[in-house]
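Asker: Here you go, sequence then predicted model.
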Amino acid sequence: MADKNREVIEALEREWVDALCNRDMERLRALVHPDFVLIGTRATGAFDMGRAEWLDAIQRRDIDTIELDVRDATTLDNVMVGTVLAKWRVKYLGRVIEDCVILTDVWVHDDGRWQAIRRHSTPAPAGECAKGS
């Protein structure tokens, strides 16, 4: 069962990355629940961002690369939780941003499909994202 959970979440995460890289806003809107919230912490402090603000920000980013590694996956009746190590390089508002984070994505089965309703993002522990990995 654990392998099946991981496969489902890996497929959804790949679909999300493909939609991001291709700026497929229609697909992103379908993948991200109307009640989606991104919650995170960075050196500048904690933040949260709702769906509309997140979708708007995505359109102003040029994605160079995104690498994902699903570390854990749990599935309940209508909820899945994935823990993902993510590395990306994007251009945003004229500057290059490289980041390595641990994501906790909460997916709900709503309206006949899986949608991300929460994403928690926190910097990955030191050494977790060594260059070239």
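Answerer: Cool, the structure landed.
Asker: What segments of this structure are strands?
Answerer: 32-42, 45-50, 61-75, 79-92, 95-110, 113-123 (DSSP state E).
Asker: could you dump those to JSON lines with mean pLDDT and mean neighbour count?
Answerer: The C-beta positions use only the backbone N, C-alpha and C, and glycine is treated the same way. As requested, these are arranged in JSON lines below (pLDDT from 0 to 100; neighbours: other CB atoms under 10 Å):
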{"stretch": "strand 32-42", "mean pLDDT": "94", "mean neighbour count": "16"}
{"stretch": "strand 45-50", "mean pLDDT": "93", "mean neighbour count": "12"}
{"stretch": "strand 61-75", "mean pLDDT": "91", "mean neighbour count": "15"}
{"stretch": "strand 79-92", "mean pLDDT": "92", "mean neighbour count": "18"}
{"stretch": "strand 95-110", "mean pLDDT": "93", "mean neighbour count": "16"}
{"stretch": "strand 113-123", "mean pLDDT": "96", "mean neighbour count": "18"}
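Asker: With respect to Glu15, which of those strands lies nearest?
Answerer: Checking these against Glu15 by CB to CB gives strand 113-123 as the closest, at 9.4 Å.
Asker: Give the partner strands of the closest one in its sheet and their orientations.
Answerer: When sheet partners are counted by DSSP bridges, strand 113-123 sits next to strand 32-42 (parallel), strand 95-110 (antiparallel).
Asker: Next, the angle from the last one to strand 61-75.
Answerer: Read it as strand 95-110. If you take axes from the mean of the first three to the mean of the last three CA atoms, to 10 degrees, strand 95-110 sits at 40 degrees to strand 61-75.
Asker: Same question for the shortest one.
Answerer: Relative orientation of strand 32-42 with respect to strand 61-75: 100 degrees, computed using the same axes, to 10 degrees.
Asker: Not counting strand 32-42 itself, show me its contacts.
Answerer: Outside strand 32-42, the residues within contact range by CB atoms under 8 Å, 6 or more residues apart in numbering are 46-51, 54-55, 101, 108, 110, 115-123.
Asker: how much space is there between the nearest residue to Thr75 once chain neighbours are set aside and Arg89?
Answerer: Spatial nearest neighbour of Thr75, chain neighbours left out: Asn5 (4.4 Å); criterion: CB to CB, 6 or more residues apart in numbering. Asn5 sits 29 Å away from Arg89, taking CB to CB, to the nearest Å as the criterion.
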